[in-house]
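Trainee: Take a look and give me a structure for this.
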Amino acid sequence: MSTVGDVGYVDDDNFLYLTDRATFMIISGGVNIYPQECENLLITHPKVADAAVFGVPNVDLGEEVKAVVQPAEGIAPGPELAEELIAFCSQSLSRQKVPRSVDFEAELPRLPTGKLYKRLLRDRYWGNKTSRIV
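Mentor: Numbers count the residues shown, from 1 in each chain. As a prediction, the model looks like this:
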């Protein structure tokens, strides 16, 4: 198996697997972070129904990792759940990949095909900035 940059890999049978899109890459303090790894981990948590991870502005680092989570049915969102999810991610991810903050939505926006419409979420945090790097 060999990697294709940070966005995929080729298995022993020469099949290409893409694991994320380069446009979703978060650049935090000069480190390239692909959010798919964190999203895949968050959705395994029993209190999470859906998750989106992306970069938001950070004056010192350029961007920081933000998670927006749809809690599982019957689970109340709040600071305690946010702390629990950050601690959960810290057990499996390197420090720079762990979300610095978690926000909650009743339902994450999806296209009719089921694809997560991450840009709608991300644009709320970027506002009218013309550059993704602060």
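
Trainee: Please give me every residue in contact with the closest residue to residue 125 other than its chain neighbours.
Mentor: Leaving aside its chain neighbours, residue 125 sits nearest to residue 56 (4.2 Å; criterion: C-beta to C-beta, 6 or more residues apart in numbering). All C-beta atoms are positioned from the backbone trio N, CA, C, and that covers glycine. If you count contacts by C-beta atoms under 8 Å, 6 or more residues apart in numbering, residue 56 has them with 63, 64, 66, 122, 125, 126.

Trainee: same thing but at 7 Å, please
Mentor: 63, 64, 66, 125 (C-beta atoms under 7 Å, 6 or more residues apart in numbering).

Trainee: and what of residue 37?
Mentor: 93, 97.

Trainee: so it sits in a helix?
Mentor: Yes - per DSSP: H, G, I helix; E, B strand; the rest coil, residue 37 lies within a helix segment.

Trainee: Relative to residue 98, how far out is it?
Mentor: Remark: distance between residue 37 and residue 98 (C-beta to C-beta, to the nearest Å) = 11 Å.
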